[in-house]
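In: Got a sequence here, can you build the structure:
(2 chains)
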Amino acid sequence: MNELALCVYAAETGSHLVSEPQKAGYKRFVRSFDAAAYRVGLGERGFRFLPRSDDRYPPQLRAIHDPPAGLFVRGAANVELLARPAVAVVGARACSSYGKQVARMLGRELAAAGVVVVSGMARGIDGEAHRGALEAGEKTVAVLGCGVDRDYPAAHRSLAREIAEAGLIVSEYAPGVDPMPWRFPARNRIIAGLTHATVVVEARERSGALITADLALEEGREVFAVPGEITSRLSAGSNQLLRLGAAPATSAADVLESFGLEPAVAPLPELGPAGEGVLARLRDSPATADELAHVSGVAAAELAVVLTELELAGVVAEAEGLYRVVVP
Amino acid sequence: MMSVLIETPPFRAPHHSASTAAVVGGGPGPRPGEASLAHRGVLLLDEFPEFQRSVLEALRQPLEDGTISIARAAGQAVFPARFQLVATMNLCPCGGRADASAECSCSAQQLMRFRAKLTQALLDRFDLVVTMPRLRAHELAAGRGESSSRVRERVASARTRLDTERPRRTADASALLDRAVERLPLSGRGRARVARVAATAASLAGADAVTAEHVAEALSYRSPRELGA
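Out: Model prediction:
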């Protein structure tokens, strides 16, 4: 079977194919298709093709019931990266700042502990998970629902470049294929298939991230969900997953445990008494600068220095006026 | 059109449906717009992202050099427009973001459209960006803060100080600024702005030098990443 011809035929006919169709049109296409020339063209653009018949095709992806015929690959890493222990971190595009900060923290700590973070490079949770992994200085894998040349969404063009510099961007669709709504659920099966566990950070009731979780369950992979506020619609989907029996992810350690891994411990910087006090208060719950000044008794000017130092050290993050601790 | 001498600084607050001509000037004549009528005063743009994009972009010139030039076939008109720009906005179209008691129901597309109008180039021109969470009851019940007349005195004396001699940064303050530039997404323009705001904060506090506290305060006013398109 000529997987490359199949993938290019699917792209040109706008269809989704994982096996050869019994059509005269397809047979004609295969006869006229110049695979060698196409590969040269791919190589000139810095892309590669990894067919299902290749030994390096990730075994856990091969194991799903409809593995893609091949993957188009962009990026500096070896394709062996795709076969390493991996976790999918997925969630809503319209997410809260809590979801964003948690996604980045999980991405960073999972990557630092040695698992590959896989996501869909979408806005919101996906993008933050990739950024977290990059922050840890690790390779990350983005799976697209369009060609690997499309940098979709456009707002993530520079993120795509950063991911490709060290890690990989993959898609079963040939370069040039536009993002279409129906391709995203199919993309999600690759995210679930490439990974040993899926973590849903924040998802509404009918979020695409739940599709990824369902697919992961179908393939017998582990599914984690980050508990959200029960009063928040943004977490309705992830909380429902918990109710249905998904494992709660309350830290990267919860997820790493299923790999038999321990989180990498980064020592906290010297904070001084005021810093320790503020950090202890923030560990209880996120707070605004005004609330911190109110309860900690630290003068506003000194508090500004303390919070800036904590933020620069990567211990807390601020969004929408709220400071939140983002380290274990 | 003005028959009396203006003795107090103007305050102008055009509605967000205002046209580009109404805000920056134009029409036959051409006539000055709200930005010029706010010269040496305050221009308040309430619901900032609701303004037409062309209006927002047209404001970049006066924010840069304090004038507005309008080209006409008959020649060019230059109006003065050196105003203090104050803009207010919600964090999302429904107003529920960052408000624990009102949940945000905006879709990703709505959020994106809303924020797409605020280009980084425009946001970069704001010296102070402050997120104001909804006030809690105990904060409303708290006593009055400093009176406006006291603040006025402080501002006046800070201005005099800044005019005569700009306070210097301490070594700690410079070190903090350098680390912030390394760690945060701060452009060259952003760094200069933080340094300037820190100098103002020091003068307002009546300090002789810009310390780390003032730099930290200035850093807390930078425009948040989540506002960017």
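In: Isn't residue A:190 up against residue A:144?
Out: No: the pair residue A:190 / residue A:144 is not scored as a contact, 9.3 Å apart, by C-beta atoms under 8 Å. Every residue, glycine included, has its C-beta placed from N, CA and C.
In: Return every residue with contacts to both of those two.
Out: residue A:170 (C-beta atoms under 8 Å, 6 or more residues apart in numbering or on different chains).
In: In three-state terms, how would residue 177 be classified?
Out: Answering for chain A, as no chain was given. Following DSSP: H, G, I helix; E, B strand; the rest coil, the label given to residue A:177 is coil.
In: look at chain B instead
Out: Residue B:177 ends up helix, using three-state DSSP.
In: I'd assumed residue A:323 was in a strand, is it?
Out: Yes: judged by three-state DSSP, residue A:323 forms part of a strand.
In: For my notes, confirm residue B:196 occurs in a strand.
Out: No: secondary structure of residue B:196, determined by three-state DSSP: helix, with no strand assignment.
In: mind listing the strands for chain B?
Out: Per DSSP state E, chain B carries strands over the ranges B:11-12, B:42-45, B:67-72, B:75-80, B:84-87, B:168-169, B:209-210.
In: who wins for proximity to chain A among those?
Out: strand B:209-210 (12.5 Å; C-beta to the nearest C-beta).
In: Tell me which other helices or strands that closest one touches.
Out: Contacts defined by 3 or more C-beta pairs under 8 Å, 6 or more residues apart in numbering or on different chains; DSSP states H and E place strand B:209-210 against strand B:168-169, helix B:188-204.
In: which parts of chain A sit against chain B?
Out: A:92-94, A:96-97, A:100, A:123-124, A:155, A:231-234, A:288-290, A:301-302, A:304-305, A:307-309, A:312, A:314, A:318-322 (C-beta under 8 Å from any C-beta of the partner chain).
In: let's see it at 7 Å
Out: Within chain A, the positions near chain B by C-beta under 7 Å from any C-beta of the partner chain are A:93-94, A:97, A:123-124, A:155, A:232-233, A:288, A:301-302, A:304-305, A:308, A:312, A:319-321.
In: Filter these down to the buried ones, ChimeraX style.
Out: In ChimeraX, a selection of the buried entries from these looks like this (16 or more other C-beta atoms under 10 Å in any protein chain shown):
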select /A:93,94,97,123,124,232,288,301,302,304,305,308,312,319,320,321
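In: rewinding a little: quick one, which of the helices and strands packed on strand B:209-210 is packed in tightest?
Out: Comparing the helices and strands packed on strand B:209-210 by mean neighbour count (mean count of other C-beta atoms under 10 Å in any protein chain shown), helix B:188-204 comes out on top with a mean of 19.
In: Chain A versus the residue nearest the centre of chain B, what's the distance?
Out: Central residue of chain B (C-alpha atoms, centre = their mean): residue B:126, 4.1 Å from the mean position. Distance of residue B:126 to chain A, given as C-beta to the nearest C-beta, to the nearest Å: 16 Å.
In: Next: residue B:50.
Out: Applying C-beta to the nearest C-beta to residue B:50 and chain A gives a distance of 20 Å.
In: what sits against the residue nearest to that residue when sequence neighbours are not counted?
Out: For residue B:50, ignoring the flanking residues on the chain, the nearest one in space by C-beta to C-beta, 6 or more residues apart in numbering or on different chains is residue B:16 at 3.9 Å. The contact partners of residue B:16, taken as C-beta atoms under 7 Å, 6 or more residues apart in numbering or on different chains, are B:46, B:47, B:50, B:51.
In: Can you report how many residues lie near the second one?
Out: Spelled out, that is residue B:47. 13 (other C-beta atoms under 10 Å in any protein chain shown).
In: so how far is residue B:52 from the closest residue to it other than its chain neighbours?
Out: Nearest residue to residue B:47 in three dimensions, chain neighbours excluded: residue B:16, at 4.8 Å (C-beta to C-beta, 6+ apart). Going from residue B:16 to residue B:52 by C-beta to C-beta, to the nearest Å gives 8 Å.
In: cool, and residue A:118?
Out: From residue A:118 to residue B:52 the distance is 41 Å (C-beta to C-beta).
In: what do you get for residue A:83?
Out: 52 Å.
In: Backbone dihedrals for the residue located most distally from the centre of chain B, both of them.
Out: No residue in chain B sits farther from the centre than residue B:74, which is 34.6 Å out by C-alpha atoms, centre = their mean. Per-residue torsions, residue B:74: phi -80, psi -10 (degrees, to the nearest 10).
In: Before we move on, what's the pLDDT of it?
Out: Here, the pLDDT recorded for residue B:74 equals 73.
In: who in chain B is up against chain A?
Out: B:91, B:97-98, B:103, B:106-108, B:111, B:131, B:133, B:179-180, B:183, B:212-213, B:216-217, B:219-220, B:224, B:226, B:229.
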